[in-house]
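# let's see this in three dimensions:
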Amino acid sequence: MSSSHNRNFSFFLMAITLVLAFAILFVSPSVSTSPNLLDHAGVKTGFQVTLKHVDFGGNFTKLELLQRAMKRGRKRMERLHSMALASSDATIEAPIHAGNGEFLMELSIGNPPEPYSAILDTGSDLIWTQCKPCKHCYDQPTPIFDPSKSSTFSNVPCASDVCSALPQSSCSAESNCEYEYTYGDYSSTHGTMAKETFTFGDVSVPKIAFGCGSDNEGAGFSQGSGLVGMGRGPLSLVSQLNEPKFSYCLTSIDSSKTSTLLMGSQANYHVNNSNISKKTTPLIKSTSNPTFYYLSLEGITIGDKLLAIEKSTFAIREDGSGGMIIDSGTTLTYLEDSAFDIVKKEMIEQMKLPVVNQSGTGLEVCFELLSTDHDIEVPKFVFHFEGADLDLPGENYIVADSSGEACLAMARSNGMSIFGNVQQQNILMIHDLVKETISFVPTKCDEL
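Coordinates of the predicted model:
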């Protein structure tokens, strides 16, 4: 596929300083002497984690992968929208959470460490996994965690910052903090908040607060053995690690290679030592939805035409709706109805291919590929974020398949816009929670 747009003090003082530095390094009580055990409260950690798409290795075509992800994505989008509205409604007693996602991360829990895979979720905060003894537990691909076999497990008391950070909590007879999370598809997890050592590759981090779920119902989590929340709230992994940033790099949806999550000091990867173009836009805060990563989308250009979309279309409204979030767990980009209609009209005008009016793909904007169309010419597609114009590669918005159709990998929504993971393919997405920015860096993600 090609694009019609060209993308192309003194020595003594220094010695004293060094001596003091080494003294602090070796006597500070906050730093473990073990190279694989980092005190997350006082030390900046950096590590790399493999991410696998939930359909990885499933022998599906690119279009089939997209269709499967779309079914999950539509439900997720509805949950995210419900979360946004519920957060501003004081009458709702049990908050709804997004749940599921598209990528699994490998990690281990406890001492000795027990490996498992969990769903990565940038749209929520809580880390949780199923625990023995179970009242109700769903089938998961790895053994259920048994706290009694770990030497580092400890319960979280009710009178703790962790417990107060939960959107909904209760207190057990033993004065331990209990949590309950309910998801939009009637899936739920209920259990005790605890602290445990989590291991990522060869880096172990002690005292991570997580939900030890003993009563878990629904089919929404069957791909993994729990969730790892990576949102902006205090209970997320990135917040608990006291890390200023993280990034991820997603390979193409049909790639045979895995994707990558980079935490802390590794978040920039090779960016600081290269001439690679980096574009940065501020993260917007929503007082009603502090977990979400909101972006300030100011406009869209297709080809050489800046579309006549009202800027207010993507603004966060008083009731918590509106705005655009960037989300790793939603596949397509969803645009508000009025904006999508304008995008649809312009794509049809500029593609210069026959339109498929009732496509079986499940996508609204599709074109018929002629037998001679070995290489499709597509108009450029630019998202104008505040301070950053993101010019997407063609394969990040047009999906062609052997079915003889090429479709726009976007859909319409009502109440919230989402920048999905297909549009994020082969771009290093650097989330800086100190500077409150997201940076976009074109990257060959399958080479990380």
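# you'd agree S148 is in a helix?
Yes. According to DSSP: H, G, I helix; E, B strand; the rest coil, S148 belongs to a helix.
# can you list the buried residues in stretch 54-71?
Judged by neighbour count using 16 or more other C-beta atoms under 10 Å, the buried positions of stretch 54-71 are 54-56, 60, 62-70. The C-beta positions use only the backbone N, C-alpha and C, and glycine is treated the same way.
# among the residues you listed, which are in helices?
Counting by DSSP state H, the part of those found in helices is K62, L63, E64, L65, L66, Q67, R68, A69, M70.
# could those go into TSV alongside pLDDT?
Formatted as TSV, those follow (pLDDT from 0 to 100):
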residue	pLDDT
K62	86
L63	85
E64	87
L65	88
L66	89
Q67	87
R68	86
A69	85
M70	84
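# so which of these is the closest to D121?
Nearest to D121 among those: A69, at 14.9 Å, using C-beta to C-beta.
# name the element I300 belongs to?
Counting by DSSP states H and E, the element that carries I300 is strand 297-302.
# return the alpha-carbon coordinates of that strand using CSV.
Output of strand 297-302 as CSV, limited to C-alpha atoms (Å, rounded to 0.1, in the frame of the first residue of the first chain):
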residue,chain,number,x,y,z
LEU,A,297,-8.0,16.8,19.1
GLU,A,298,-8.3,20.0,17.2
GLY,A,299,-9.0,18.8,13.7
ILE,A,300,-8.6,16.2,11.0
THR,A,301,-7.0,16.6,7.5
ILE,A,302,-7.7,14.1,4.7
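# partner strands of it, with direction?
Strand 297-302 pairs in its sheet with strand 305-306 (antiparallel), strand 381-385 (antiparallel), by DSSP bridges.
# need the contact partners of the shortest one.
Strand 305-306 is contacted by residues G299, I300, E346, Q350, H384 when judged by C-beta atoms under 8 Å, 6 or more residues apart in numbering.
# from memory the fourth one sits against G303, does it?
In this case it means Q350. Yes. The pair Q350 / G303 is scored as a contact, 5.0 Å apart, by C-beta atoms under 8 Å.
# which neighbours do the two share?
Among the neighbours of Q350, those also in contact with G303 (C-beta under 8 Å, 6+ apart) are P379.
# low-confidence stretches in the stretch 251-400 of the chain?
The model of the stretch 251-400 of the chain has pLDDT under 70 over residues 270, 272-275, 371-374.
# just give me the neighbour total for K305.
By other C-beta atoms under 10 Å, 12 other residues sit near K305.
# sorry, slip of the keys, the one I care about is L120.
Neighbours of L120 under the rule other C-beta under 10 Å: 24.
# before we move on, which element is it in?
Using DSSP H and E, the element containing L120 is strand 114-121.
# ok, and what's touching that strand?
Among residues not part of strand 114-121, those counted as contacts by C-beta under 8 Å, 6+ apart are 51-52, 54, 98-101, 103-109, 127, 129, 140-143, 145, 150, 221, 223-231, 248, 261, 328-329.
# re earlier: most packed of the strands paired with strand 297-302?
Among the strands paired with strand 297-302, strand 381-385 has the highest mean neighbour count (mean count of other C-beta atoms under 10 Å), at a mean of 22.
# next secondary structure after that one?
Next along from strand 381-385, by DSSP H and E: strand 388-391.
# show me what the very next helix or strand once past that next one is packed up against.
For strand 388-391, the succeeding helix or strand toward the C-terminus, using DSSP H and E, is strand 398-400. Strand 398-400 is packed against helix 62-86, strand 405-408, with contacts defined by 3 or more C-beta pairs under 8 Å, 6 or more residues apart in numbering; DSSP states H and E.
# could you pull out the strands for the stretch 1-150 of the chain?
2-3, 46-53, 96-97, 103-109, 114-121, 127-130 (DSSP state E, counting those that start in this stretch).
# tell me which of these lies nearest to T197.
Closest to T197 of the strands of the stretch 1-150 of the chain, according to C-beta to C-beta: strand 103-109, at 7.4 Å.
# who does that closest one pair up with?
Checking strand 103-109 against DSSP bridges gives partners strand 46-53 (antiparallel), strand 114-121 (antiparallel), strand 188-200 (antiparallel).
# nearest to Q266, out of those strands?
Closest among the strands paired with strand 103-109, using C-beta to C-beta: strand 46-53, at 4.2 Å.
# show me the contact partners of that closest one.
For strand 46-53, the external contacting residues (C-beta under 8 Å, 6+ apart) are 65, 102-107, 117, 120, 200-203, 248, 250, 253, 258-267, 448.
# pull out the buried residues from these.
Among those, those classed as buried by 16+ other C-beta under 10 Å are 65, 102-107, 117, 120, 200, 203, 248, 250, 253, 258-264, 266-267, 448.
# before we move on, the earlier item: got a markdown table for the contacts of strand 305-306, with distance to A315 too?
Shown next, in a markdown table, are the contacts of strand 305-306 (distance: C-beta to C-beta, whole Å):
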| residue | distance to A315 |
| --- | --- |
| G299 | 13 |
| I300 | 15 |
| E346 | 22 |
| Q350 | 27 |
| H384 | 14 |
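# still on that earlier bit, could I have the CA atoms of the strand holding L120 written out in PDB?
What follows is strand 114-121, C-alpha atoms only, in PDB (Å, rounded to 0.1, in the frame of the first residue of the first chain):
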ATOM      1  CA  GLU A 114       4.300 -17.800  39.900                       C
ATOM      2  CA  PRO A 115       4.000 -16.700  36.200                       C
ATOM      3  CA  TYR A 116       0.800 -15.700  34.600                       C
ATOM      4  CA  SER A 117      -0.600 -13.500  31.900                       C
ATOM      5  CA  ALA A 118      -2.900 -10.600  32.500                       C
ATOM      6  CA  ILE A 119      -4.900  -8.100  30.400                       C
ATOM      7  CA  LEU A 120      -3.200  -4.800  30.000                       C
ATOM      8  CA  ASP A 121      -5.800  -2.000  30.500                       C
END
